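Participant: Next come a sequence and a model predicted from it.
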Amino acid sequence: MEPVPANGAPAGGEQNLLDAAVAELYSADPADFVERRGVLAAEARAAGQAAAAKSIAGLRKPTRSAWVVNRLIRSDPEVPGRLVSLGDELRAAQDSLDGAAIRELSGRRRRLIADLSRQAITASGLDAPPAGLRDEVAATLNAALADPQVAGRLAEGTLERPVQAEGFGPAGPPSLTLVPSPGGPEAPAAPRARAPAGSRGTGPARPARPAARERAEAAAAARAEAAAREQADRERRRQQAQAAAEQAVADADRAAAAAGAAELDLEAAVERLEVELAEARQGLTQARLEARRARNRQRQARQALGRMRRR
């Protein structure tokens, strides 16, 4: 849904009323969302636009982090395109198993998500947002980079809740499996077999290799093999630690998304109760007015009856 220009009134019609309401509600502070939604829906009903009024009344209040992302998109509409472009490059690199490109693009991804997160906080005007809000903003941007459909939703600027990343994992380096290089160091040569003592007299004479040199070469080969094993062990431990960290981030993302969903459900319940309470108060006011009128009629009837009895 495309918002109408902020510097011009809607041209008329229900769609224009709805677009104007969406642009205002998803740009303004969420604390004012419920009150302004009711006002805008009432104005649409007063204008005879019942369908627009119903649609406006059905708009859902965004979470604080979703609102921050909406403000970013509305202040910089090119953000979704930048996320989609880098996501396409990352997918192409992963499909081609280009490790060097994946590492370079993963670094660009981390920097882009960090830069856009700071830009979003600045655009929202928040001075010191909590860490949880920052994490949800970054996770939503990362999800848009991983999924073009999520980026399309972001482009509308009407996000209601943060989105959990579905691809590429957290905004960190990807987990890569190292494979032996075909151009790696050669294996140490097997020691040459010594000729039997009885055969020394046959064939051309060959100078004997000094024992000290053979021992030095064997020691060097052993050191090289030990260093290679140590390097492999270090790489395996690094990959295991990185995988554990990425799993922890994914678990935290899921927990944050569940908590956000629960928060939205409770907010919706509170909103419904607030509407019911407002209607009940209106009914109580009307009932009190009717009771007051009934008592006045009762008093007038008693007075009339008293006058008739006194005659």
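Facilitator: Yep, it's here.

Participant: So which residues of the protein form helices?
Facilitator: 14-25, 33-46, 50-57, 64-75, 79-95, 99-124, 131-146, 148-155, 211-310 (DSSP state H).

Participant: measure the nearest residue to residue 82 once chain neighbours are set aside to residue 214 for me?
Facilitator: Sequence neighbours aside, residue 112 is the residue nearest to residue 82 in space, at 6.9 Å (criterion: Cβ to Cβ, 6 or more residues apart in numbering). Where you see a C-beta, it was placed from the backbone N, CA and C, and this is true even at glycine. Per Cβ to Cβ, to the nearest Å, residue 112 is found 57 Å from residue 214.

Participant: Compare these two and say which is more crowded by neighbours.
Facilitator: Here residue 112 and residue 214 are set side by side on neighbour count (other Cβ atoms under 10 Å), and the busier one is residue 112, at 19 against 12.

Participant: The more buried one touches residue 84, doesn't it?
Facilitator: No: in terms of Cβ atoms under 8 Å, residue 112 does not count as a neighbour of residue 84; the distance is 11.7 Å.

Participant: Now do the shared contacts for the two.
Facilitator: residue 145 (Cβ atoms under 8 Å, 6 or more residues apart in numbering).

Participant: To what extent is residue 301 buried, counted in neighbours?
Facilitator: The burial count for residue 301: 10, using other Cβ under 10 Å.

Participant: ignore the last one, residue 152
Facilitator: 12.

Participant: Also residue 161?
Facilitator: Residue 161: 18 surrounding residues under other Cβ under 10 Å.

Participant: which stretch in the helices of the chain has the least confidence?
Facilitator: Least confidently modelled of the helices of the chain is helix 211-310, at a mean of 79 by mean pLDDT.

Participant: list the helices and strands that helix packs on?
Facilitator: Packed against helix 211-310, as judged by 3 or more Cβ pairs under 8 Å, 6 or more residues apart in numbering; DSSP states H and E, are the following elements: helix 131-146.

Participant: what packs against the helix it packs on?
Facilitator: Going by 3+ Cβ pairs under 8 Å, 6+ apart, helix 131-146 lies up against helix 64-75, helix 79-95, helix 99-124, helix 148-155, helix 211-310.

Participant: and residue 58, which of the ones you listed is closest to it?
Facilitator: With Cβ to Cβ as the measure, helix 211-310 is the member of the helices and strands packed on helix 131-146 nearest residue 58 (11.1 Å).

Participant: what angle separates that closest one from helix 50-57?
Facilitator: Angle between the axes of helix 211-310 and helix 50-57 is 120 degrees (criterion: axes from the mean of the first three to the mean of the last three Cα atoms, to 10 degrees).

Participant: by how many degrees do helix 211-310 and helix 33-46 diverge?
Facilitator: 50 degrees.

Participant: so how far is helix 211-310 from its chain's centroid?
Facilitator: Centroid separation for helix 211-310 versus its chain: 14 Å, with Cα atoms, centre = their mean, to the nearest Å.

Participant: Please apply the same query to stretch 90-97.
Facilitator: Distance of stretch 90-97 from the chain centroid (Cα atoms, centre = their mean) equals 22 Å.

Participant: Buried ones in it, by neighbour count?
Facilitator: 90, 93, 94 (16 or more other Cβ atoms under 10 Å).

Participant: What of stretch 14-26?
Facilitator: Buried residues in stretch 14-26, defined by neighbour count with 16+ other Cβ under 10 Å: 14, 15, 17, 18, 19, 20, 21, 22, 23, 24, 25, 26.

Participant: Dump the residues you listed to JSON lines, plus distance to residue 61.
Facilitator: As requested, the buried residues of stretch 14-26 are arranged in JSON lines below (distance: Cβ to Cβ, whole Å):
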{"residue": "14", "distance to residue 61": "22"}
{"residue": "15", "distance to residue 61": "22"}
{"residue": "17", "distance to residue 61": "19"}
{"residue": "18", "distance to residue 61": "16"}
{"residue": "19", "distance to residue 61": "18"}
{"residue": "20", "distance to residue 61": "18"}
{"residue": "21", "distance to residue 61": "13"}
{"residue": "22", "distance to residue 61": "13"}
{"residue": "23", "distance to residue 61": "15"}
{"residue": "24", "distance to residue 61": "13"}
{"residue": "25", "distance to residue 61": "8"}
{"residue": "26", "distance to residue 61": "10"}
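
Participant: Nothing else from me, thank you.
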